[in-house]
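Asks: here is my input; please provide its structure:
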Amino acid sequence: MSSAPETPAVVTRRLGYLLKHAQLRLAELQEPLLAPHGVTGRQVAVLALLADGEPQSQQEAAARLGVDRTTMVQLVDELEDKALVRRQVDPADRRRRIVTPTEEGLRVLTAATEASEEAERRLLGPLGGREADGLREALWAVVHQR
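Replies: Next up is the predicted model:
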């Protein structure tokens with residue numbers, strides 16, 4: 001029985017390869033930790049955004065997360081089906097519908113955030129604290145450069 005050949009360093013040292021596989025590894029670590037809470041990493045991101053600050057519409061949330069409207073509708077539908085968010089008419093503008101977390105949504109968000117943070121600790125375990133912080137800061141700077 002032959003095993004797959006090892007991917008050469010000319011590929012595995014490339015930034016795109018490393019970023020992709022780091023994300024895949026994080027998802028692999030995160031998924032079983034989030035499963036008991038009944039949410040995915042993307043759903044946690046939406047809940048966190050909706051719980052942060054002023055009520056917002058699906059369209060505003062989609063823009064802030066950088067996802068397309070169709071994906072946001074699907075994510076909010078999933079969260080609403082789980083009774084973690086509710087859509088309601090904005091009292092200040094009856095044409096606008098805002099999405100807010102329910103009490104259960106806030107409870108799940110707290111637990112899922114702890115689970116996500118544990119997955120990140122496991123992913124960054126091989127790094128020292130300063131290296132992990134430095135990696136986060138470097139990635140933040142790259143992502144937010146304008």
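Asks: backbone dihedrals for Pro101, please?
Replies: Torsion angles at Pro101 (phi, psi; degrees, to the nearest 10) stand at phi -70, psi 150.
Asks: next: the one 4 residues further on.
Replies: With angles defined as degrees, to the nearest 10, Gly105 shows backbone torsions of phi -60, psi -40.
Asks: what about the closest residue to Val39 other than its chain neighbours, neighbour count?
Replies: The shortest distance from Val39 to any non-neighbouring residue, by Cβ to Cβ, 6 or more residues apart in numbering, is to Ala112 (5.3 Å). In this view, the C-beta of every residue, glycine as well, is placed from N, C-alpha and C. By other Cβ atoms under 10 Å, the residues close to Ala112 number 25.
Asks: so what pLDDT did Ala112 get?
Replies: pLDDT, Ala112: 96.
Asks: could you do Arg146 as well?
Replies: You'll see Arg146 listed with a pLDDT of 68.
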